[in-house]
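>>> A structural model of the following input is requested.
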Amino acid sequence: MENNPSSSRTDRKTIERNRRNQMKALYSQLQSLIPNQTSREVTSLPDQLDEAANYIKRLQTKLERMKEKKNNLMGIHEKSNASTNCGMMMGFKPPQIEIHEVGSALEVVLKTGLDFQFMFNETIRVLHEEGAEIVNASFTVVEDTVFHTIHSKVGDSALGYGAAGIYERLKKFVSDAN
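Sure, this is the predicted structure:
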C-alpha cells in the first residue's frame, strides 16, 4: 500500500510537468505570433501576455479604422441628416436619369448621390449590351451629387430596339435601384 501514495505522487508530478511543458510551448507559440518591437530579449511571462493583449487591441482598432475607411470609400454614411431628422442617411439621393436622343446620338445624364457610384458602370454596361458605341463619358461632383454624362451613338439595329430599348432598360435599372 505504500507504493500507491508514492506512485500517485509520481503520477501527479509527471502530469504537472507535462502541463507546464505544454503551457511553455503555448506561450512560446503566442510569442512567435506577436511581432516583437524590442530586440529579441527574454521577457517575463506577464510581459509577454501584456504585449499580446496590447497587440490584439491594436489590431482591433486598426480593423475598425479599415472598415470605416472601406465604408467611406464605398459611399456608406451612417450620420443622420439633421435637417430631416428621420433616420435618412446623409449623402443618400435616389438616382435620376435623363436620356436625350438626337438622331443617332444618345446623351445619358445620370444624377446620383455619393452612395450610388456603381450605377455609372452599370449604365455603361447596359449601353454596351444594347449595341451603343460610347463616344464620351464624364462626371462632375457637386457637393453630395454626382453628375455622369455619357454620349453615345446608337443605330436602329441595336438589338432591334435602338434608343427606345436603351431608354426602357436604363429607366427600369434606375427605378430598381431606388
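
>>> What strand or helix carries the most centrally placed residue in the chain?
When C-alpha atoms, centre = their mean is applied to the chain, the residue found nearest the centroid is Lys70 (4.7 Å). Lys70 is located in helix 45-74, with elements delineated by DSSP states H and E.

>>> and the closest residue to Ser138 other than its chain neighbours, how far is that from Val141?
Excluding the flanking residues, the one nearest Ser138 by C-beta to C-beta, 6 or more residues apart in numbering is Thr149, at 5.3 Å. Placement of C-beta: from N, CA and C, glycine included. Thr149 is 13 Å from Val141, where distance means C-beta to C-beta, to the nearest Å.

>>> Those two: which has the busier surroundings?
Legend: neighbour count by other C-beta atoms under 10 Å for Thr149 and Val141, higher for Thr149 (14 against 9).

>>> Bridged to Gln96, which residues?
Lys111 (DSSP bridges).

>>> ok, it - contacts?
110-112, 174 (C-beta atoms under 8 Å, 6 or more residues apart in numbering).

>>> quick check, nearest of those residues to Ala132?
Nearest to Ala132 among those is Leu110, at 14.2 Å by C-beta to C-beta.

>>> Apart from its chain neighbours, what residue comes closest to the closest one?
Once flanking residues are discounted, Leu110 sits nearest to His148: 4.1 Å by C-beta to C-beta, 6+ apart.

>>> And Thr112, by the same measure?
Per C-beta to C-beta, 6+ apart, closest to Thr112 is Pro95, 4.5 Å.

>>> All set now, cheers.
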